[in-house]
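Q: Structure, please.
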Amino acid sequence: MFALLAKIRGEFDFEIIEIAVIGGAGFVSAFTAQIGLARFADQGHTRLLIWGGTFCAALSMFGLAFSESLSSFIVSRFLFGLGEGAFLPAARRIVILTDTENTGESLGRLSAFQMFGFLIGPLLGSIMSELLGLQGTFLISGAIIIVCMPLLLKVNILQVIQKPSPGSIRNLLAKKEIVSLIILAVGYYGSFGIYESIWAIYLDDLGASQFFIGFQLTLFALPMIIVAPLGGRLAERKGGMTVAFWAIALSVPAVAAYGMTSNLYLLTLILCVHGIADAVGSPAIQLATSHLSGENQASGQGLLNASGLAVAAGVALGSGAVYQNFGAFWLFFGWAIFMTITTLTAILLGRSELKREARERSSLS
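A: Here you go, the predicted structure:
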């Protein structure tokens with residue numbers, strides 16, 4: 001979907017703002033699911049969320065295959081976000097509680113597999129869309145999800161059921177350190193709102209082919225497969241919050257630079273650097289949230305993602321208007337400034353956890 005937005009715009013003659021709404025719909029539904037459904041994984045309904053989320057994702061692909069109007073594209077994209085929002089917190093809870101000794105590395109490995117789909121998806125989607133058209137591409141994507149569903153039977157969920165404390169979301173929000181991570185996630189996830197709705201359009205406007213768009217997005221995801229498990233292991237040693245701050249701080253210059261060049265190869269290089277920073281930051285922020293969430297693991301992961309996705313939805317919806325009226329420079333540079341503000345604010349709120357991680361590093365050295 002990410003790589004095919006430019007093709008959808010061309011075939012259905014949608015406006016840039018309409019394309020942004022399609023991209024933003026997935027963030028809205030993912031936010032709704034993660035803030036509303038994640039806590040049910042903590043209450044023993046992990047299996048239902050895993051299966052239900054996967055089914056929604058498959059249904060979304062079939063909906064996209066037969067979409068011909070803006071509303072049908074929005075509804076289908078909304079379904080995929082709903083599936084993602086139900087699946088991911090439950091999956092992370094399973095990983096966290098199953099491998100308590102190597103949580104960071106395991107979260108990194110989960111992120112690596114998650115991004116493997118993102119790695120091959122844009123490239124294969126671009127190739128298939130040229131050969132089979134949009135309908136054939138989405139039908140095959142839905143079929144692949146269905147073929148993979150029996151793998152869920154191999155997941156041992158019973159051993160990771162715990163009873164959560166009441167008022168889990170309120171309890172989590174009462175912790176300054178959790179609020180710090182949420183603010184950090186706001187800047188981090190907001191950039192994905194721009195990419196989801198505008199990146200393929202931006203490259204298309206710069207003259208990139210559909211194949212190049214897919215290939216470039218694949219390069220962005222490539223570091224995740226190798227770097228994410230290593231980033232998770234680094235977060236275990238150095239502290240999840242510490243590593244998350246450094247990684248996201250390093251991604252800010254990359255975001256700012258996107259709108260400063262029209263050279264497609266230079267943009268690709270910047271994107272690869274950004275991909276490495278994200279590959280380290282993603283498991284680190286998940287690990288930090290895990291350490292602070294206690295027994296409410298799925299609720300903590302859901303709250304983190306939901307907060308970021310809420311902003312990503314707004315950014316996706318607004319970035320089309322900014323791009324159309326002010327251009328790429330102000331879109332990306334403006335968000336880089338916002339990321340700087342959120343990162344500095346998060347550091348101030350998370351001082352106690354950063355100090356704790358520093359003491360822990362000193363005791364181990």
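
Q: Relative to Val255, how far out is Thr218?
A: 20 Å (CB to CB, to the nearest Å). Quick note: C-beta positions are derived from backbone N, CA and C, even for glycine.

Q: neighbour count winner among the two?
A: When Thr218 and Val255 are compared on other CB atoms under 10 Å, the one with more neighbours turns out to be Val255, at 26 against 18.

Q: Leaving out chain neighbours, which residue sits closest to the more buried one?
A: Ala336 (4.4 Å; CB to CB, 6 or more residues apart in numbering).

Q: wait, the one you found sits on Met260?
A: No: checked against CB atoms under 8 Å, the pair Ala336 and Met260 is beyond contact range at 10.3 Å.

Q: Among these two, which residue is more densely surrounded?
A: Ala336 (20 against 14).

Q: I'd like to know which elements the helix or strand hosting that one is packed against.
A: Using DSSP states H and E, Ala336 falls within helix 328-349. Judged by 3 or more CB pairs under 8 Å, 6 or more residues apart in numbering; DSSP states H and E, helix 328-349 is in contact with helix 176-194, helix 240-257, helix 297-326.

Q: Output the ones you listed in a markdown table; the columns should cover mean pLDDT.
A: Formatted as a markdown table, the helices and strands packed on helix 328-349 follow (pLDDT from 0 to 100):
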| stretch | mean pLDDT |
| --- | --- |
| helix 176-194 | 86 |
| helix 240-257 | 91 |
| helix 297-326 | 80 |
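
Q: which residues in the stretch 1-150 of the chain form helices?
A: Assigned by DSSP state H, counting those that start in this stretch, the stretch 1-150 of the chain shows helices spanning 5-12, 16-36, 38-42, 46-65, 70-98, 103-148.

Q: which of those has the lowest average pLDDT?
A: Comparing mean pLDDT across those, the weakest is helix 38-42, with a mean of 75.

Q: That one packs against which elements?
A: Right, helix 38-42 is packed against helix 46-65, helix 70-98, helix 168-173, helix 297-326 by 3+ CB pairs under 8 Å, 6+ apart.

Q: Can you add distance to Glu130 and mean neighbour count and give those helices back as a markdown table?
A: Below are these laid out as a markdown table (distance: least, CB to CB, whole Å; neighbours: other CB atoms under 10 Å):
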| stretch | distance to Glu130 | mean neighbour count |
| --- | --- | --- |
| helix 46-65 | 16 | 20 |
| helix 70-98 | 20 | 23 |
| helix 168-173 | 45 | 17 |
| helix 297-326 | 25 | 24 |
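
Q: Tabulate those (a markdown table), appending distance to Ala277.
A: Putting the helices and strands packed on helix 38-42 into a markdown table (distance: least, CB to CB, whole Å) gives the following:
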| stretch | distance to Ala277 |
| --- | --- |
| helix 46-65 | 27 |
| helix 70-98 | 21 |
| helix 168-173 | 26 |
| helix 297-326 | 16 |
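
Q: Please identify which of those helices is closest to Cys148.
A: The closest of these to Cys148 is helix 46-65. By CB to CB, the value is 7.9 Å.

Q: tell me which element Ser262 is part of?
A: Using DSSP H and E, no helix or strand contains Ser262.

Q: Just give me the neighbour total for it.
A: Per other CB under 10 Å, the neighbour tally for Ser262 reads 12.

Q: That one: what's it in contact with?
A: Leu206 (CB atoms under 8 Å, 6 or more residues apart in numbering).

Q: From Gly23, how far off is it?
A: Ser262 is 22 Å from Gly23, by CB to CB.

Q: Tell me which of the helices and strands packed on helix 328-349 sits nearest to Ser69.
A: helix 297-326 (18.2 Å).

Q: Does anything pack onto the closest one? Which helices or strands?
A: helix 16-36, helix 38-42, helix 70-98, helix 168-173, helix 176-194, helix 264-293, helix 328-349.

Q: Distance to Val227 added to those, as TSV?
A: Formatted as TSV, the helices and strands packed on helix 297-326 follow (distance: least, CB to CB, whole Å):
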stretch	distance to Val227
helix 16-36	24
helix 38-42	26
helix 70-98	18
helix 168-173	28
helix 176-194	16
helix 264-293	4
helix 328-349	20
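
Q: Tell me which of the ones you listed lies nearest to Asn156.
A: So among these, helix 70-98 is nearest, using CB to CB, at 7.6 Å.
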